[in-house]
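Q: how does the following fold in three dimensions:
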Amino acid sequence: MKRIDLAKKYNTPLYIYDFDHFSNQYNALKQEFKARKSLVAFAVKSNSNLSVIKHFASLGAGADCVSIGEVQRALKAGVHPYKIIFSGVGKKDEEITKALQLGILFINVESEGELKRVELIASQLEVVARVSLRVNPNIDPKTHPYISTGLNENKFGIDIDTAKRLYIFCKNSEHLDPVGIHFHIGSQLTDLEPIKEASAIVASLVRSLEKLDIEIKFFDVGGGLGVAYEDEKTISAYDYVQGVLETIKGLDVTIVCEPGRYLTANGGEFLTTVLYEKITGEKRFVIVDGAMNDLLRPSLYNAYHEIEVIGKEKREETLADIVGPVCESGDFLAKATPIALCEHGDIIAVKSSGAYGFVMSSNYNTRGKAAEVALENGNDRLIRRRESVEDIWRLEEEFLDDK
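A: Residues are numbered from 1 along each chain as shown. Reported below is the predicted structural model:
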């Protein structure tokens with residue numbers, strides 16, 4: 001079905017996802033690891049729709065989760081517990097407890113304080129906690145500062161010297177099993193060298209741990225592979241995998257990688273309907289029914305997404321801001337972008353919206369979240385219905401009569 005017909009069938013704002021693209025991206029990456037033990041764990045935070053997670057699970061993927069809610073989503077979608085990783089800087093005691101009870105592959109630990117909480121909770125549960133330490137290699141990933149995670153100035157991970165001491169602590173603990181090591185230097189990475197440099201640093205630490213009889217089974221290289229939103233030069237799956245493999249020669253480990261954006265971004269589009277055009281002085285605005293609460297990346301990161309008016313013949317374009325109904329000057333989907341003259345009812349596609357789109361949406365201005373639709377083998381199906389205003393206030397209305 002054509003995109004314009006999908007907009008009419010499901011209304012807008014609307015997210016559409018090409019599941020065939022998702023499969024192709026996953027299979028291409030997994031194929032490059034064919035000569036090594038590997039686990040491709042889909043980064044659930046990039047697109048957490050249950051049907052999306054289930055689709056990747058059906059291909060053999062695991063799940064990289066950054067909250068206990070994401071862990072539970074992954075399980076609900078059919079991911080095997082032993083393919084689930086629980087990451088994140090701030091895990092509450094109840095989240096750690098639940099993760100240990102669920103028997104997931106391992107918990108990625110981000111600090112000494114967290115490690116000691118995991119040990120304490122594991123001792124109370126009388127279990128051994130499988131853990132991996134997230135090492136911060138202090139490498140500049142050369143990406144947007146909001147999604148840079150591998151420098152000492154970032155809140156993520158443990159420095160090399162501290163990590164070595166903590167691995168020794170784990171080895172001597174009755175309730176900790178240090179099965180893995182992890183690093184993730186940032187998102188939307190388009191330069192291979194920082195990844196290789198970080199991997200080499202972490203591999204060196206693994207070799208030094210071997211000499212202390214600390215056996216690391218899982219070498220987790222994180223995610224972050226970038227995609228082309230505009231004209232970025234990206235890293236091929238082959239170069240990425242070969243670059244990592246170069247650094248771990250001689251190590252008998254299972255390689256874990258955690259792609260998110262790489263798998264889904266360019267397989268998704270956000271469709272929105274033109275309400276009006278408005279000229280203020282020399283400034284042109286195209287006002288649409290989609291807003292920053294639906295797709296936050298442009299407002300949050302000043303991120304670029306290609307804009308296309310669909311179902312119309314090619315027309316002369318002039319610069320315009322694509323803006324939504326939310327009561328904020330920061331509510332825009334694009335600024336000063338070339339776009340043809342629009343009419344009420346035209347459908348605009350905001351491309352490369354399959355990652356960090358719907359998952360970052362909100363109910364700001366009491367706006368219901370958009371519907372989500374899957375496209376697969378030429379067929380379309382609804383995978384999340386549009387929220388109603390009743391959905392939004394459901395958790396509040398019972399308290400209206402409280403005194």
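Q: next up, phi/psi of the spatially most central residue of the chain, please.
A: Nearest to the geometric centre of the chain sits residue 46, at 2.3 Å (CA atoms, centre = their mean). Residue 46 adopts backbone torsions of phi -70, psi -30, taken as degrees, to the nearest 10.
Q: pretty sure it contacts residue 261?
A: Yes: in this structure residue 46 lies within contact range of residue 261 using CB atoms under 8 Å: 5.5 Å. In short, each C-beta sits where N, CA and C put it, glycine included.
Q: need the residues touching each of the two.
A: Residues touching both residue 46 and residue 261 by CB atoms under 8 Å, 6 or more residues apart in numbering: 355, 356.
Q: is residue 50 in contact with residue 75, as I believe?
A: No: assessed by CB under 8 Å, residue 50 is found out of contact with residue 75, at 10.5 Å.
Q: more neighbours, the two?
A: Neighbour count, other CB atoms under 10 Å: between residue 50 and residue 75, residue 75 has more, with 17 against 14.
Q: the more buried one sits in which helix or strand?
A: Per DSSP states H and E: residue 75 is located in helix 68-76.
Q: other SSEs contacting that helix?
A: helix 50-58, strand 62-65, strand 84-86, helix 93-102 (3 or more CB pairs under 8 Å, 6 or more residues apart in numbering; DSSP states H and E).
Q: so which of the ones you listed gets nearest residue 369?
A: helix 50-58 (14.5 Å; CB to CB).
Q: for that closest one, buried residues please.
A: 51, 52, 53, 54, 55, 56, 57 (16 or more other CB atoms under 10 Å).
Q: got a markdown table for these, with distance to residue 389 and pLDDT too?
A: As requested, the buried residues of helix 50-58 are exported to a markdown table (distance: CB to CB, whole Å; pLDDT from 0 to 100):
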| residue | distance to residue 389 | pLDDT |
| --- | --- | --- |
| 51 | 24 | 98 |
| 52 | 26 | 98 |
| 53 | 28 | 98 |
| 54 | 29 | 98 |
| 55 | 30 | 98 |
| 56 | 32 | 98 |
| 57 | 33 | 98 |
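Q: which one of those is nearest to residue 351?
A: Comparing the buried residues of helix 50-58 against residue 351 with CB to CB places residue 52 closest, at 17.8 Å.
Q: got a list of what the closest one touches?
A: 17, 19, 22, 264, 374, 383.
Q: which of the residues you listed sits closest to residue 335?
A: The closest of the contacts of residue 52 to residue 335 turns out to be residue 264 (CB to CB; 24.7 Å).
Q: okay but the closest one is in contact with residue 49, surely?
A: No: the pair residue 264 / residue 49 is not scored as a contact, 9.7 Å apart, by CB under 8 Å.
Q: give me the common contacts of the two.
A: residue 17.
Q: CA atoms only: put stretch 316-335 into PDB for me.
A: Output of stretch 316-335 as PDB, limited to C-alpha atoms (Å, rounded to 0.1, in the frame of the first residue of the first chain):
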ATOM      1  CA  GLU A 316       9.300  24.400  -7.200                       C
ATOM      2  CA  GLU A 317      10.600  24.500  -3.600                       C
ATOM      3  CA  THR A 318      11.300  27.300  -1.300                       C
ATOM      4  CA  LEU A 319      12.600  27.300   2.300                       C
ATOM      5  CA  ALA A 320      10.200  26.800   5.100                       C
ATOM      6  CA  ASP A 321      10.000  25.700   8.800                       C
ATOM      7  CA  ILE A 322       7.900  22.600   9.300                       C
ATOM      8  CA  VAL A 323       6.200  23.200  12.600                       C
ATOM      9  CA  GLY A 324       3.500  21.500  14.800                       C
ATOM     10  CA  PRO A 325       0.600  22.600  17.000                       C
ATOM     11  CA  VAL A 326       2.500  22.300  20.400                       C
ATOM     12  CA  CYS A 327       2.700  25.600  22.200                       C
ATOM     13  CA  GLU A 328       6.500  25.900  22.100                       C
ATOM     14  CA  SER A 329       8.700  27.800  19.700                       C
ATOM     15  CA  GLY A 330      10.900  24.700  19.800                       C
ATOM     16  CA  ASP A 331       8.200  22.700  18.200                       C
ATOM     17  CA  PHE A 332       9.500  22.000  14.800                       C
ATOM     18  CA  LEU A 333      10.300  19.000  12.600                       C
ATOM     19  CA  ALA A 334      12.600  20.900  10.200                       C
ATOM     20  CA  LYS A 335      13.900  24.400   9.900                       C
END
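Q: and it, how far out from the chain middle?
A: Remark: stretch 316-335 is offset 25 Å from the chain centroid, using CA atoms, centre = their mean, to the nearest Å.
Q: what sits against residue 4?
A: 310, 311, 347.
Q: write a PyMOL command that selects only the buried members of the residues you listed.
A: Buried residues within those, by 16+ other CB under 10 Å, are selected in PyMOL with:
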select buried, resi 347
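Q: which helix in this protein has the most residues?
A: helix 192-210 (DSSP state H).
Q: helices or strands up against the helix or strand just after that helix?
A: The element immediately downstream of helix 192-210 (helix or strand, assigned by DSSP H and E) is strand 218-220. For strand 218-220, the packing partners by 3+ CB pairs under 8 Å, 6+ apart come out as strand 176-182, helix 192-210, strand 254-257.
Q: and these: which comes nearest residue 332?
A: helix 192-210 (31.0 Å).
Q: tabulate the CA atom coordinates of that closest one in CSV.
A: What follows is helix 192-210, C-alpha atoms only, in CSV (Å, rounded to 0.1, in the frame of the first residue of the first chain):
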residue,chain,number,x,y,z
LEU,A,192,35.6,3.4,12.7
GLU,A,193,38.9,4.5,14.4
PRO,A,194,37.5,5.5,17.8
ILE,A,195,35.6,2.1,18.0
LYS,A,196,38.8,0.2,17.1
GLU,A,197,40.8,2.2,19.6
ALA,A,198,38.3,1.6,22.4
SER,A,199,38.1,-2.1,21.6
ALA,A,200,41.9,-2.4,21.7
ILE,A,201,42.0,-0.8,25.1
VAL,A,202,39.3,-3.0,26.5
ALA,A,203,40.8,-6.2,24.9
SER,A,204,44.1,-5.3,26.6
LEU,A,205,42.3,-5.3,29.9
VAL,A,206,40.8,-8.7,29.2
ARG,A,207,44.3,-10.1,28.5
SER,A,208,45.5,-8.7,31.8
LEU,A,209,42.5,-10.2,33.6
GLU,A,210,43.3,-13.6,32.1
